[in-house]
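Student: just the structure for this:
(chains A and B)
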There are 2 protein chains.
Amino acid sequence: MSPEALGVGLIGFGTIGTGVAKVLQGNAGAIAARLGFPLRLVRIADLDTERDRGVELSGIRFDGDAEGLIDDPSVHLVVELIGGTGAARRLILRALERGKPVVTANKALLAVHGKEIFDAGRAHHADVAFEASVGGGIPILRSLREGLAANRILSVHGIINGTTNYVLTEMEKGGEPFAVVLKRAQDLGYAEADPSFDVDGIDAAHKITLLAAMAFGAELTFKEVPTEGIRAISPLDIESAAEFGYRIKLLGITKLRTGEDGERVEVRVHPTMIPADSLLAKVDGAMNAIAVHGDAVGPTLFYGAGAGELPTASAVVGDLMELAREVKRGSAGRVAPLSFLPESLEPKPIVPLGELFARCYLRFTAVDRPGVLAHITGALGEAGISIESVIQKGRGHARPDDPEGSRGAVPVVVMTHPARESAVRRALDAIDAHGDVTAPSRLVRIEEEL
Amino acid sequence: MSPEALGVGLIGFGTIGTGVAKVLQGNAGAIAARLGFPLRLVRIADLDTERDRGVELSGIRFDGDAEGLIDDPSVHLVVELIGGTGAARRLILRALERGKPVVTANKALLAVHGKEIFDAGRAHHADVAFEASVGGGIPILRSLREGLAANRILSVHGIINGTTNYVLTEMEKGGEPFAVVLKRAQDLGYAEADPSFDVDGIDAAHKITLLAAMAFGAELTFKEVPTEGIRAISPLDIESAAEFGYRIKLLGITKLRTGEDGERVEVRVHPTMIPADSLLAKVDGAMNAIAVHGDAVGPTLFYGAGAGELPTASAVVGDLMELAREVKRGSAGRVAPLSFLPESLEPKPIVPLGELFARCYLRFTAVDRPGVLAHITGALGEAGISIESVIQKGRGHARPDDPEGSRGAVPVVVMTHPARESAVRRALDAIDAHGDVTAPSRLVRIEEEL
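Tutor: Okay, here's the model as predicted:
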């Protein structure tokens, strides 16, 4: 084996790019020892060439020329960390066309344009590695691809967005409403000024799309993934969840369903009540965790930092090391089983939410008048939904800072026995049509098996 | 790539061997799809050829001839699951000498004879994979080797023995003493008739030896690993731990210490108080979990079933798939970076327990007489150990079923400020010399950073 170094070109010198440079430099010795040859950062491209990132740049060419970087013969491996689906897509395709393997953390790009990119990689015998795109430093994609490769995967439940897990954890600690905690998270830099990518579940939907592809070979279906964020979760929901033995987490969920008419997948993102004594429920703050259930291994869980400079860099450099080995072995991209997604992704229909069958937590906001409770329970009964318990919360719960608690209304919380979601939706529509129901009724889904 | 099947030979057709056969057969389609070629179980060797394992054996040669299996040209990959360090060692060496890669779950063999076996593998260009030897189905070795390869590993804390975790969890639930719970675990089949391998920490010591090798390239040092089991843990210790905000787990611990005179490793197994709100503390029953701290990734945790037919088979077959790829690529054992241990293990001295510096939980058993407490606190003070709190438990804690609670003695529980263990040991010796101290004083180590 040649001890000659392989050259790494880094496109995007922001937070994660800086982390990648730090890890490549700080752990250069350990990396070379493990690989048998060094990995050398030879070139960086970023539009901002002025800002000091605290990285030693001597011997590294640093300019704004991403195309030049890709074409540079001293660059054997390309890291794309600029994000977005425009330039990133173009640059990754350019690298692949030149036969250069690519490492990216760009879940949005892969969830939307993954097929084009993976096809290009196959056509040009260049791999695309993307461990950092899901769960930050947690080696979850690699575990699905290799460590658990002997299993048929049954389900994946992931806390895969740190911002929302942080907000939910803080809401639970202080009993504070979403808006208050979000504001504080923004002030502390834990949430973006425009938080919708995180709090509306879009980021998690990108990631669960990739997990469904890894776990089930399901064609990337981001646009069809039912996605619901955490804006509508109230402190009352969190408190009620605790009373029923649950905690509320924003989960990305995917499961395989095999029926008479072939395989379908559940792929969805929504706030979920999960058993308070499950390990996943105990993942707090900005941390991520992914619970994977395999037919042989049973339940597993992978936990770690889902974002941040160095944790994400850990995954990027881990991918670089694997790709570098392939380049040295001369087999990069040419040996199908090592490609980073199942060889062929197949279209697998997504199970509509209406087909879900589970206990449901329902919250109604209604004027505290005789007959309202009968209307609610009556509509549920008509839809064939049996009620496990009803709790009419006192007026104290109609907080002035809760926009849904207005007009003197009080919340009514219902836990159902297992019910079909389509029936529940029908009942909610009927209930919401009543004049004394002052805000849209809320459903929080429950996952018991974790 | 050839779609031709590779043949697997299975030596040892007990619980795990049966699981391996079931996974290879039950998931044959998924495995072939992922590999691009089938893995076929062609031959099994076990002394007991009579018992029905519920496995379809048509087309599989099954007899007692392990040597014949190894030499059979239709066997490309050998799985060793007979355990022990006698025949297993001989058979593995025979397979490697014939250039056949080996998968084993035999931690005892590797922890003791690992050097000989890995050296033989290198000499004959045949890999030895052993994911199943630590943490059952959890892909922890692979994660250390690949997913976290960009990191310098700082520490590993593992619940790596299911039997002891089950016993401790049950003791905590019911407040029952060790002997009672162990008996029940034996009746239920969760513990062996001779439980010492598990409850005295030997199994965990084998595993932490392998983890230290993976994490730090530390030469296998099983015989020198300080090892303490859970026999001396009393319900009072568990109850006191809870009062101080801890839970007691039997941990395998390894850390790297870099000093002026080079690198040393902590490698040890003992009951440990860990923060009750840490994720590791929430791992209950027979489940395993390994917390790994890397310099880039930060804290991570890997959770799953640490034993059992199918979870262990999941790891064995995952290894088989990786080795099969290597065989097909024609690079098995010839590409150093893919070998399953760091290329060269280096002797790294083990840090003596006396050097540990941490808060300590101490339990004394003394006759309830004036002056005894002064003796205890005085001896601690003389050794320079400051006391954070002293709790003298009532006589109710001197249970008739607790052998240490005899002679009318009552327990005294002390939590120290951080102290050097050598000093603590000195104090304990002085204290135990007193006539009113009726049983050996106990120390439970504390790990805060998890």
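Student: check which element follows whatever helix or strand A:G318 lives in along the chain.
Tutor: Element membership of A:G318 [criterion: DSSP states H and E] is helix A:309-329. Going down the chain from helix A:309-329, the next helix or strand is strand A:357-358, by DSSP H and E.
Student: tell me the domain ranges of chain A?
Tutor: A:6-136+A:309-338, A:140-305, A:353-446 (automatic domain parsing).
Student: hey, least reliable of these by pLDDT?
Tutor: Lowest mean pLDDT within the domains of chain A: domain A:353-446, a mean of 88.
Student: chain B: which of the domains of chain A is closest?
Tutor: Taking C-beta to the nearest C-beta, domain A:140-305 is the member of the domains of chain A nearest to chain B, at 2.4 Å. (C-beta placed from N, C-alpha, C; glycine too.)
Student: now that closest one, how far from the centre of its chain.
Tutor: 6 Å (C-alpha atoms, centre = their mean, to the nearest Å).
Student: hmm, that domain in reach of chain B?
Tutor: Yes: on the criterion C-beta under 8 Å from any C-beta of the partner chain, domain A:140-305 is in touch with chain B at A:142-143, A:146-152, A:279, A:282-283, A:289, A:294-305.
Student: and that domain, how far apart are its ends?
Tutor: For domain A:140-305, the first-to-last residue distance is 12 Å (C-alpha to C-alpha, to the nearest Å).
Student: quick one: the domains of chain A as a markdown table, columns for mean neighbour count too.
Tutor: Shown next, in a markdown table, are the domains of chain A (neighbours: other C-beta atoms under 10 Å in any protein chain shown):
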| stretch | mean neighbour count |
| --- | --- |
| domain A:6-136+A:309-338 | 21 |
| domain A:140-305 | 22 |
| domain A:353-446 | 17 |
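Student: dump those to a markdown table, plus distance to B:L443.
Tutor: Formatted as a markdown table, those follow (distance: least, C-beta to C-beta, whole Å):
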| stretch | distance to B:L443 |
| --- | --- |
| domain A:6-136+A:309-338 | 35 |
| domain A:140-305 | 29 |
| domain A:353-446 | 45 |
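Student: show me the one of these that comes nearest B:R329.
Tutor: The closest of these to B:R329 is domain A:6-136+A:309-338. By C-beta to C-beta, the value is 5.9 Å.
Student: just the helices in the stretch 1-150 of chain A please.
Tutor: Along the stretch 1-150 of chain A, counting by DSSP state H, counting those that start in this stretch, helices occupy A:15-26, A:28-35, A:66-71, A:87-97, A:107-123, A:140-142.
Student: the residue nearest the centre of chain A sits in which helix or strand?
Tutor: Closest residue to the average C-alpha location of chain A: A:A204 at 3.1 Å, with C-alpha atoms, centre = their mean. With elements taken from DSSP H and E, the one containing A:A204 is helix A:202-216.
Student: using PDB, write out the CA atom coordinates for that helix.
Tutor: C-alpha atoms of helix A:202-216 as PDB (Å, rounded to 0.1, in the frame of the first residue of the first chain):
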ATOM      1  CA  ILE A 202     -38.900  20.100   7.200                       C
ATOM      2  CA  ASP A 203     -35.400  19.200   8.200                       C
ATOM      3  CA  ALA A 204     -36.600  16.100  10.000                       C
ATOM      4  CA  ALA A 205     -38.500  15.200   6.800                       C
ATOM      5  CA  HIS A 206     -35.400  15.400   4.700                       C
ATOM      6  CA  LYS A 207     -33.600  13.100   7.100                       C
ATOM      7  CA  ILE A 208     -36.400  10.500   7.500                       C
ATOM      8  CA  THR A 209     -36.500  10.400   3.700                       C
ATOM      9  CA  LEU A 210     -32.900   9.400   3.700                       C
ATOM     10  CA  LEU A 211     -33.400   6.900   6.500                       C
ATOM     11  CA  ALA A 212     -36.300   5.300   4.700                       C
ATOM     12  CA  ALA A 213     -34.000   4.900   1.600                       C
ATOM     13  CA  MET A 214     -31.300   3.300   3.700                       C
ATOM     14  CA  ALA A 215     -33.500   1.100   5.700                       C
ATOM     15  CA  PHE A 216     -36.000  -0.100   3.000                       C
END
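Student: helices or strands up against that helix?
Tutor: Other helices and strands packing on helix A:202-216, by 3 or more C-beta pairs under 8 Å, 6 or more residues apart in numbering or on different chains; DSSP states H and E, are helix A:107-123, helix A:140-142, strand A:153-159, strand A:246-259, strand A:262-275.
Student: give me the helices and strands touching the fourth one, please.
Tutor: Helices and strands touching strand A:246-259, as assessed by 3+ C-beta pairs under 8 Å, 6+ apart, comprise strand A:153-159, helix A:162-174, helix A:202-216, helix A:235-243, strand A:262-275.
Student: relative to helix A:162-174, how tilted is the shortest one?
Tutor: It stands for strand A:153-159. Using axes from the mean of the first three to the mean of the last three C-alpha atoms, to 10 degrees, the inter-axis angle of strand A:153-159 relative to helix A:162-174 is 60 degrees.
Student: what angle sits between strand A:153-159 and strand A:246-259?
Tutor: Using the same axes, to 10 degrees, strand A:153-159 lies at 150 degrees relative to strand A:246-259.
Student: what's strand A:153-159 packed up against?
Tutor: helix A:202-216, strand A:246-259, strand A:287-294.
Student: so who does the closest residue to A:L310 other than its chain neighbours touch?
Tutor: Distances taken as C-beta to C-beta, 6 or more residues apart in numbering or on different chains place B:A296 nearest to A:L310, at 4.4 Å, with adjacent residues excluded. Counting by C-beta atoms under 8 Å, 6 or more residues apart in numbering or on different chains, B:A296 makes contact with A:19, A:23, A:27, A:137, A:310-311, A:313-314, A:317, B:150-152.
Student: sec struct for B:A296, please.
Tutor: Counting by DSSP: H, G, I helix; E, B strand; the rest coil, the backbone at B:A296 sits in coil.
Student: give me phi/psi at it?
Tutor: Backbone dihedrals for B:A296, given as degrees, to the nearest 10, come out at phi -100, psi -50.
Student: what about it, distance to B:E50?
Tutor: Computed as C-beta to C-beta, to the nearest Å, the B:A296 to B:E50 distance reads 54 Å.
Student: same deal with A:R426?
Tutor: A:R426 is 60 Å from B:E50, by C-beta to C-beta.
Student: and if you look at A:M415?
Tutor: In terms of C-beta to C-beta, A:M415 sits 54 Å off from B:E50.
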